[in-house]
Structure formats: structure tokens, C-alpha cells
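> Requesting a structural model of the entry that follows:
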Amino acid sequence: MLIEEGTSVTVKAVADTNKQFLHWTVDNEIVAGAGAEYSFTVTKDITLVAHFNTNGISENETVQFSIFPNPVTHNLLKVVRSTHNKARMEIYNSVGSLVMIQQFEVNETHANINLSSLSSGIYIIRLVEGQRTNTQHFIKE
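Below is the predicted model:
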């Protein structure tokens with residue numbers, strides 16, 4: 001679709017059955033904080049993609065990881081994972097907006113995540129390793 005520069009646009013991602021909206025990407029970069037409905041002003045040619053997750057993933061398709069402490073009281077969340085492949089950690093707020101991303105490099109199994117920029121509340125942490133994913137909830141006090 002071609003839209004003229006300066007035009008305000010709102011798009012909405014609608015998930016099929018057994019799918020859940022995850023996030024938008026613009027030119028392969030995740031748009032932090034954007035929900036399923038995304039508004040922007042056209043300033044250049046872009047590639048906009050809505051990403052979805054399949055609900056009901058079987059155990060052999062998940063990546064195992066642990067988080068602690070939970071609840072988080074001192075702005076530091078520790079993440080320990082069981083594999084050594086490259087992976088991406090995503091943190092979503094309670095309304096499903098992506099608020100933080102961190103990469104795990106090959107052989108990196110531990111990370112200390114500084115949560116000082118996040119408000120108190122309930123969050124979802126999602127680990128993505130290739131086609132394998134897993135999510136957990138945590139509370140930041």
C-alpha cells in the first residue's frame with residue numbers, strides 16, 4: 001500500500017484463533033510500547049510487520065529459564081537459562097506493550113536485568129530462542 005508522506009495512519013493487528021499479538025516491527029526493529037493498535041505519521045518508506053505468537057506451545061518447543069527474585073524489590077532481576085544458543089529476552093507490561101529487550105549471546109546463560117526504568121506492577125518476561133519460546137510473570141514492587 002502506498003501512503004503519502006505526512007499522512008497519519010492507524011493500523012490494528014487482529015490475531016487469528018490460537019494466536020496472540022506480540023509486537024510490531026518497523027524495518028526489522030521492534031517498536032517498544034506499541035500495542036495491537038499502532039498510530040504513526042508517514043515520514044518515509046517503511047516495512048511494518050505485526051508479530052504473533054501461537055498459544056498452546058508444546059513442552060519440547062519451549063526454552064527453559066528461571067527468574068529471581070520474584071517479586072523484584074531492588075530493581076535487579078536475575079535470569080538463568082538452560083541452553084547456550086543465541087536468544088532474545090522481551091519484557092511486556094500488564095497491557096501487553098513491549099517495554100524492554102535484551103539479547104543473550106552464544107554461551108551466555110545468566111543475565112542481570114536492571115528494572116529501575118520500570119514502574120511497579122506485573123510484567124511478562126518472554127525468552128525467544130529460534131522457534132522456541134517460553135514466558136513467565138514477575139512482579140516489580
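> Quick check: closest non-adjacent residue to the most centrally placed residue in the chain.
Nearest to the mean C-alpha position of the chain, by CA atoms, centre = their mean, lies Glu90 at 3.6 Å. Nearest non-adjacent residue to Glu90, counting by CB to CB, 6 or more residues apart in numbering: Arg126, 4.6 Å away. In short, each C-beta sits where N, CA and C put it, glycine included.
> With Phe65 instead?
Nearest one to Phe65, counting by CB to CB, 6+ apart, is Arg81 at 4.0 Å.
> Distance-wise, check the one you found relative to Ser8.
Distance, Arg81 to Ser8, using CB to CB, to the nearest Å: 41 Å.
> And the two? Which one has more around it.
Under the criterion of other CB atoms under 10 Å, the comparison of Arg81 against Ser8 puts Arg81 first, with 21 against 9.
> check contacts around the more buried one.
Val63, Gln64, Phe65, Ser66, Ala87, Phe104, Thr109, Leu127, Glu129 (CB atoms under 8 Å, 6 or more residues apart in numbering).
> so the fourth one makes contact with Val80?
Looking back up the chat, that one is Ser66. Yes - counting by CB atoms under 8 Å, Val80 is a contact partner of Ser66 at 4.8 Å.
> Reformat the contacts of Arg81 as JSON lines; add neighbour count and distance to Lys19.
Conversion of the contacts of Arg81 to JSON lines gives the following (neighbours: other CB atoms under 10 Å; distance: CB to CB, whole Å):
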{"residue": "Val63", "neighbour count": "19", "distance to Lys19": "19"}
{"residue": "Gln64", "neighbour count": "13", "distance to Lys19": "23"}
{"residue": "Phe65", "neighbour count": "22", "distance to Lys19": "23"}
{"residue": "Ser66", "neighbour count": "11", "distance to Lys19": "27"}
{"residue": "Ala87", "neighbour count": "24", "distance to Lys19": "22"}
{"residue": "Phe104", "neighbour count": "23", "distance to Lys19": "25"}
{"residue": "Thr109", "neighbour count": "13", "distance to Lys19": "30"}
{"residue": "Leu127", "neighbour count": "22", "distance to Lys19": "19"}
{"residue": "Glu129", "neighbour count": "20", "distance to Lys19": "20"}
